[in-house]
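# sequence unknown, structure follows:
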C-alpha cells in the first residue's frame with residue numbers, strides 16, 4: 001500500500017468503470033479525496049460493478065454507491081464531451097477485445113478509433129492528464145534481456161499488443177502530461193487472464209502446455225495495479241510510460257503450478273515443443289467457457305518474455321508490492337465470496 005495523497009483533490013473521470021480495474025480504482029480515488037465520475041456504455045453495469053467493489057464482493061449488488069455515473073461511448077463519441085466536462089485527470093481503462101454486436105471492426109481498429117475519439121474529446125475539454133493502463137510487449141522484454149545479456153534479439157509483437165502500444169501513443173501524444181502503465185498478467189478475482197488460468201486448472205485433469213510455458217513474466221497483484229493507477233493522478237515520474245510488474249519473475253508453467261498448489265489441486269503436466277496457438281486458444285476457450293476472440297489475442301501475445309524493462313515503477317509511485325503467492329491467495333479468497341471454486 002502507499003500513503004494517502006496529500007495533494008489537492010482533483011476532478012477525475014474513470015472510463016471502463018465496469019471493468020475489474022476501473023471498479024476498484026473508483027473507491028480508491030475517492031478515498032484520496034478526489035471527486036470521481038464513472039463512465040461506461042451501460043451505466044447500470046457500472047453501478048453494479050461499483051457496488052460489488054464497494055462491498056468487497058460480499059454485499060448486495062444493488063447497494064448504492066455515491067459516485068456520478070454517466071453514459072459515454074468512446075467508439076461513437078456519444079456522451080464523451082459531457083463525461084469529460086470540468087475534468088482534471090481522465091483514466092482510460094478500455095480495451096476492445098470482447099465480441100462486439102454493434103460493428104464488425106477488428107479489435108485493433110476499434111481500439112484505434114476509440115482512443116482517437118477520447119484523445120480529441122479530452123483536448124477539447126481542457127483535461128490536464130490522461131492515465132492509460134496498457135500491456136507489456138515482447139519489445140520491452142527484448143530491451144530488458146539486452147541489458148542482461150548484451151543480446152538485441154527481436155520478437156514479433158502480436159496484433160493485440162501492437163494495438164495497445166498504438167493506443168498508448170495516441171493518448172500520450174494528445175496531452176503532454178499524460179502517463180501510461182504497462183502490465184502483463186494481473187492477478188485478481190475478476191481478471192480475465194487469471195480466471196482463464198484458474199478454469200483451466202479446474203477443468204483439465206492433465207495440463208498440456210505449449211512451448212510458451214517456458215516464457216517468463218512478472219505477474220502483478222490487482223491491488224498493486226490500483227495503487228499505482230491512483231498514484232498516477234498526482235505523481236510526476238521521470239518517464240511518461242512505466243512498465244509495472246510484481247516482485248516475482250515466473251514462467252507461465254511456474255505460475256500454473258503455483259496456482260494449482262494454492263488451490264490444493266494436483267495436475268500432472270505434459271509440455272510441448274510447439275505453440276499451435278490457433279488450436280490451443282480455441283481449445284482453452286472451450287474448456288474455460290471463454291470467448292475465443294478474447295483468448296486468441298492473449299495467446300498470440302506469448303511470443304517472448306514479458307518483463308518490465310525497468311523495475312523502478314513501484315518505487316517511483318510509492319507502492320509496496322505483494323508477492324505472487326499473496327496475490328493468488330487474495331484473488332481466490334475474493335473469488336470464493338461470490339462463486340464456488342469447483343476444484344475446492
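Looks like it came in fine. None of the values given here were measured: they were computed from a predicted structure.
# in this protein, which ranges drop under the pLDDT threshold?
1-7, 54-65, 96-104, 139-156, 273-285, 287-288, 291-302, 342-344 (pLDDT under 70).
# go again using 90 as the cut-off
Judged by pLDDT under 90, the chain has its weakly predicted residues at 1-8, 52-66, 95-111, 135-164, 192-193, 195-215, 264-306, 310-311, 337-344.
# would you map the strands across it?
Counting by DSSP state E, the chain has these strands, from start to end: 11-15, 35-40, 68-71, 89-92, 129-135, 179-183, 186-187, 207-209, 216-217, 220-221, 241-243, 250-251, 269-271.
# and the first one, what does it pack against?
Counting by 3 or more Cβ pairs under 8 Å, 6 or more residues apart in numbering; DSSP states H and E, the packing neighbours recorded for strand 11-15 are helix 20-31, strand 35-40, helix 80-84, strand 89-92. Bear in mind the C-beta positions are built from the backbone N, C-alpha and C, glycine included.
# the second one pairs with which strands, parallel or anti?
Neighbouring strands of strand 35-40 in its sheet, by DSSP bridges, are strand 11-15 (parallel), strand 68-71 (parallel).
# so residue 33 touches residue 11, yeah?
No - the criterion here is Cβ atoms under 8 Å, and residue 33 misses it with residue 11 at 11.4 Å.
# looking at those two, which is more packed in?
Between residue 33 and residue 11, residue 11 has the larger neighbour count (other Cβ atoms under 10 Å), namely 16 against 13.
# okay, and the beta partners of the more buried one?
Residue 11 has these beta-bridge partners by DSSP bridges: residue 35.
# can you pull the contacts of it?
Contacts for residue 11 (Cβ atoms under 8 Å, 6 or more residues apart in numbering) come out as 34, 35, 37, 86, 87, 88, 89.
# repeat that for 7 Å
Residues in contact with residue 11 (Cβ atoms under 7 Å, 6 or more residues apart in numbering) are 35, 86, 87, 88.
# how much space between residue 38 and residue 66?
Distance, residue 38 to residue 66, using Cβ to Cβ, to the nearest Å: 11 Å.
# repeat that for residue 118.
From residue 118 to residue 66 the distance is 25 Å (Cβ to Cβ).
# neighbour count winner among these two?
A side-by-side neighbour count of residue 118 and residue 66, using other Cβ under 10 Å, places residue 118 first with 28 against 9.
# with adjacent residues omitted, what lies nearest to the more buried one?
Spatial nearest neighbour of residue 118, chain neighbours left out: residue 74 (5.1 Å); criterion: Cβ to Cβ, 6 or more residues apart in numbering.
# among the strands of the chain, which is nearest residue 308?
strand 241-243 (3.5 Å; Cβ to Cβ).
# check which residues of that closest one are buried.
Buried residues in strand 241-243, defined by neighbour count with 16 or more other Cβ atoms under 10 Å: 241, 242, 243.
# likewise for stretch 17-28?
17, 18, 19, 20, 21, 22, 23, 24, 25, 26, 27, 28.
# which one of the helices and strands packed on strand 11-15 lies nearest to residue 311?
helix 20-31 (21.1 Å).
# what helices and strands are in contact with that closest one?
Secondary-structure packing of helix 20-31 (3 or more Cβ pairs under 7 Å, 6 or more residues apart in numbering; DSSP states H and E): strand 11-15, strand 35-40, helix 43-54, helix 222-231.
# would a markdown table of those with distance to residue 200 be doable?
Compiled in a markdown table, the helices and strands packed on helix 20-31 are given as follows (distance: least, Cβ to Cβ, whole Å):
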| stretch | distance to residue 200 |
| --- | --- |
| strand 11-15 | 30 |
| strand 35-40 | 29 |
| helix 43-54 | 24 |
| helix 222-231 | 19 |
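# nearest to residue 215 among these would be which one?
helix 222-231 (20.8 Å).
# out of the buried residues of strand 241-243, which is nearest to residue 158?
residue 243 (17.3 Å).
# the closest one pairs with what?
Residues in beta-bridge contact with residue 243 (DSSP bridges): residue 182.
# what sits against it?
Applying Cβ under 7 Å, 6+ apart, one finds that residue 243 lies in contact with 136, 140, 182, 308, 309, 310, 313.
# switch to 6 Å and redo it
136, 140, 182, 308, 309, 310 (Cβ atoms under 6 Å, 6 or more residues apart in numbering).
# then residue 88?
10, 11, 128.
# likewise for residue 184?
Per Cβ under 6 Å, 6+ apart, neighbours of residue 184: 136, 217, 306.
# also residue 127?
Residue 127 touches 84, 87, 90, counting by Cβ under 6 Å, 6+ apart.
# now residue 168
132, 134, 180.
# what about these, which one has the most neighbours?
Most surrounded of the contacts of residue 168: other Cβ under 10 Å gives residue 132, at 25 neighbours.
# thought residue 92 was touching it, still the case?
Yes - counting by Cβ atoms under 6 Å, residue 132 touches residue 92, with 4.7 Å between them.
# burial count for the closest residue to residue 87 other than its chain neighbours?
Among residues not flanking residue 87 along the chain, residue 13 sits closest, at 4.6 Å (Cβ to Cβ, 6+ apart). Using other Cβ under 10 Å, residue 13 is surrounded by 28 other residues.
# how near is residue 13 to residue 45?
From residue 13 to residue 45 the distance is 17 Å (Cβ to Cβ).
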